[in-house]
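> Sharing a sequence plus its predicted fold:
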Amino acid sequence: MNWLRDVSRAVRRKKHVSSTQQPSILVRCLSTADLSFVGIGCMLGSGVYILTGEVAAEMAGPAAIISFLIAGIVALFSALCYTECATRFPETGASYLYAYVSLGELIGFLIGWNAIIIRILAVSFVSRGWSAYFDNVIGARVFNFTMDVLLDGAEWEVPLVSSYPDILAGVVSLSATVLVALGTELSAKTGRVFVLINIVTVLMVIAVAFVYADYSHLVKHGGFAPMGYGGIIKGAAAGFAGYSGFEAIAFAAEEAKDPKKGLPISVGLSFVTAILVYMGGAFAITVLADWQNINAASPFVSAFEAVDAKWMSIVIAVGALCSMTGGLIACAYCFARAIFVMGRDGLIPAIFARTSTTSHTPTVATMFGGIISVIASIFVNFVALIEFLSLMIFVEFVIVAMACILMRYNPTRDHCGEERNIEHVVQEQKQRQTCNKELSGEINNDMTYQSDNDQHSTSSSTDVQAPRFASEEITPAEMDKRRQTVRATIEEQGQSCEYNKDLPAESEVNNHDVANGRSCNRFSASINNESIGELTPLLGSLPPTSSQILCQSEKKPGRLLWSSDNPVKTVLSSLMVFIVSTIVIVWIVSYKMEEIRGDNDVLTFVLMVAAMLAVTGCVPLFMLKQYTDEIPFKVPLMPFIPLLSIVSNIILMMRFEPLTWIELGVWTAIGLVVYFVYGIRHSKEAGTLPITPNRYTQVSKTYS
């Protein structure tokens, strides 16, 4: 069963990343303003011109304003989780990276697998919308030409295939892809222009709406909220999709000039702008026309025509096309980075990590995703895939909220989740040589240990450098003797340390990594506490250039899982209990309330038990210590906001039909095949030395 154990370890191994800016082949050229426009462009897209009308006409009436406010606040919960993770690890990858670091390689791969298809199909979907809007402005000439010349007047009738090939949509999708491939700075500046035009257009629409406003429309036919509270919530669920583009900012973390400051500011600016635009659009449409007469397909055009302001249709068309163009560029940017980072990590072929020497962009990944999006734009019928894409987005948000909580409670982040720069690595190489000489007899037996936290208060002591690479210099007996000496000295300070008996010799260090500017093999307690079976925090705090001593806290038999000895496992178990219980509660409330009102004792009992488990599962999250040192941006009210994000997304996920879940299952199964056939064997994190039988340490390579 060794192979099963190896597979179990492989799927749970976690990526080691740095919380500081590391050298990257991508260029840090995006300012805070650029990041903000990327987020706004992806969040608005075509939503402000279509989604506002749909929510007002079919779900909430004039109360659509409240629906978009609620949706924006709920989406902000998820955005805060993304922001903490992105500032903590300023690399591209977004949800894929955060899942990989906190939940392991398999979960990370599946989230990345989903992220790729979400962004590729998003480009295709927006391209179809762009084509349809433009064709409507020019009198359906593109459609008529396609039907008469290419199809001879007969539409296609194939499941999941469009009724006709949308060549214009393919051209639009390809244009956005090529622009992104030409350079990040160029695409960001171009996108900024389109987003600005869109914002100016929306402001103009709102201003003109005040001129033609009839405020009596706000209270006609059932009042301000004709569908009641349920209609407002339904509208909020639909409006939530309009804010889902904020993760584009997280994808840009590795190309941001100052991610630790720029990312939080850009997320805030993007959300304020998007919420005001959506609420303003909903207000404008409901004061221009009776909500029962709103045309959901083209709400603003029909509303202005109804008040004899047909000239506004041209302004709206320009704004809508510019809005969708900005969204196209942002989505194409996202799928290129999603493919690139997985190729860089070895989970998909490394060719996707190749970058252009001139534009410094992942051209292979960009063009590969672009080709798929072009094909999908021309041939795919997106009506059957809209819910599938929405469901994958909600799953992604739940995983990121979990990752945010797990990393906040992880005490080993600084030792296991970070790389060290090349200067520290070179200094450590020199320090190892000093250790070997000292262990050969140049150090006295009265050595004492001095930590960073007490280095100014300890007197007449000699710093001890950990004997990590000494197996070639002294005999095993001498090694054990000196280990015992150091252990005895450390235990006098009230700590318990147990050295790894199987540390490799210095010759086993991969100096090739150092020569290439990568951090060398690091001996640390693995962030993957499950893989080593026990939490192994560092003993004390040594200077950054010294060798680290691994220790193991005193074990007490019979200790409960719900303790601070193993916080990662505890928090993960707590989250799983909470999520499963929440799913049960939401399912019963959504679909079985009539039976509960009919005195169904079994369902009532299940609901009560699930509620108790959900509350009980959260208890450890309020008892365990949070580790917030050196986190540039912290989610406020931790863990309340991430938990609210999880609950909100689960509520939205429960509204999908079973067929949508089947589609997600099929796509996930395809991803599992790809992972176990290719990814698990070629992962860069697989390039680690095997875990020794005593399981005290894990040696891993980290790539910058």
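Cool, the structure landed. Numbering: from 1, shown residues only.
> Phe37: neighbour count?
A count of nearby residues for Phe37, using other Cβ atoms under 10 Å, gives 28. The way it works is simple: take the backbone N, C-alpha and C, and place the C-beta from them, glycine included.
> where are the low-confidence patches of the protein?
Along the chain, segments meeting pLDDT under 70 span 1, 19-22, 46, 384, 412-566, 687-704.
> what residue lies at the spatial centre of it?
The centroid of the chain falls nearest to Ser95 when counting by Cα atoms, centre = their mean (1.9 Å).
> which residues touch the nearest residue to Ile265 once chain neighbours are set aside?
Spatial nearest neighbour of Ile265, excluding adjacent residues (Cβ to Cβ, 6 or more residues apart in numbering): Thr32 at 5.2 Å. Remark: with contacts taken as Cβ atoms under 8 Å, 6 or more residues apart in numbering, Thr32 is in contact with 257-258, 261-262, 265-266, 269.
> Quick one, which of those residues are buried?
For these, a burial check counting by 16 or more other Cβ atoms under 10 Å picks out 258, 262, 265-266, 269.
> In helices only, show me those.
262, 265-266, 269 (DSSP state H).
> Now do Thr184 against Ala330, distance only.
12 Å (Cβ to Cβ, to the nearest Å).
> the helices in the stretch 551-700 of the chain, which residues?
567-591, 593-597, 601-623, 640-653, 658-674, 680-682 (DSSP state H, counting those that start in this stretch).
> Mean neighbour count, the ones you listed: which tops it?
helix 640-653 (a mean of 21; mean count of other Cβ atoms under 10 Å).
> Which residues does that one contact?
With Cβ under 8 Å, 6+ apart as the contact definition, helix 640-653 has outside contacts at 74, 77-78, 80-81, 237, 240, 391, 394-395, 397-398, 401-402, 404-405, 578-579, 582-583, 586, 590, 618, 621, 635.
> Quick check: buried residues in the strand or helix carrying Ile371?
Element membership for Ile371 (DSSP states H and E) is helix 363-379. Within helix 363-379, the residues that count as buried by 16+ other Cβ under 10 Å are 363-370, 372-374, 376-379.
> ok, Thr184 and Ala330, which is more surrounded?
Using other Cβ under 10 Å, the more surrounded residue of Thr184 and Ala330 is Ala330, with 34 against 24.
> ok, now which ones touch that one?
Counted by Cβ under 8 Å, 6+ apart, Ala330 has contacts 38-39, 41-42, 191, 245, 248.
> And the furthest pair within the residues you listed?
Gly191 and Gly245 (12.0 Å; Cβ to Cβ).
> so what's in contact with the two at the same time?
Both Gly191 and Gly245 are in contact with 41, 330, where contact means Cβ under 8 Å, 6+ apart.
> Report the contact partners of the nearest residue to Ile25 once chain neighbours are set aside.
Nearest non-adjacent residue to Ile25, counting by Cβ to Cβ, 6+ apart: Thr355, 5.1 Å away. Contacts for Thr355 (Cβ under 8 Å, 6+ apart) come out as 25-26, 340, 361-363.
> same thing but at 10 Å, please
Contacts for Thr355 were tallied using Cβ atoms under 10 Å, 6 or more residues apart in numbering; they are 24-27, 340, 344, 361-366.
> give me the element it is part of.
Judged by DSSP H and E, Thr355 forms part of no helix or strand.
> Let's have the helices of the stretch 551-700 of the chain in TSV, adding distance to Val287.
Below are the helices of the stretch 551-700 of the chain laid out as TSV (distance: least, Cβ to Cβ, whole Å):
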stretch	distance to Val287
helix 567-591	33
helix 593-597	36
helix 601-623	42
helix 640-653	29
helix 658-674	35
helix 680-682	57
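> Ala86: which of these is closest?
Checked against Cβ to Cβ, the stretch from these lying closest is helix 640-653, at 14.6 Å.
> Between helix 601-623 and the closest one, find me the angle.
150 degrees (axes from the mean of the first three to the mean of the last three Cα atoms, to 10 degrees).
> Number the chain from 636, please
Will do, 636 is the new start, and the previous item becomes helix 1275-1288.
> what angle do helix 1275-1288 and helix 1202-1226 make?
40 degrees.
> what's near enough to touch Gly743?
Gly743 neighbours (Cβ under 10 Å, 6+ apart): 646, 648-650, 728, 730-737, 977, 980, 982, 1034, 1038, 1310, 1314, 1318, 1320.
> what does Val761 give?
677, 680-681, 804, 807-808, 811, 958-963, 965-967, 1008, 1012, 1017.
> Excluding chain neighbours, what is closest to Leu814?
Ser822 (5.1 Å).
> Give the next helix or strand downstream of the helix or strand hosting that neighbour.
Ser822 belongs to helix 819-847 when assigned by DSSP H and E. Once the chain leaves helix 819-847, the next helix or strand it forms, by DSSP H and E, is helix 863-875.
> Mind checking which of the contacts of Ala965 are in strands?
If you go by DSSP state E, the contacts of Ala965 have nothing in strands.
> Out of the residues you listed, the closest to Lys1204 would be?
Lys1204 has its nearest neighbour among the contacts of Ala965 in Ala883, at 33.3 Å by Cβ to Cβ.
> hang on, the closest one packs against Gly962?
Yes: using Cβ atoms under 10 Å, Ala883 is in contact with Gly962, at 9.3 Å.
> quick one, which of the two is more surrounded?
Taking neighbours as other Cβ under 10 Å, Ala883 and Gly962 compare with Gly962 leading, 32 against 25.
> how much space between the more buried one and Leu821?
Gly962 is 17 Å from Leu821, by Cβ to Cβ.
> swap in Val835?
From Val835 to Leu821 the distance is 22 Å (Cβ to Cβ).
> what does Met1289 give?
Distance from Met1289 to Leu821, by Cβ to Cβ: 43 Å.
> likewise Leu923?
Applying Cβ to Cβ to Leu923 and Leu821 gives a distance of 38 Å.
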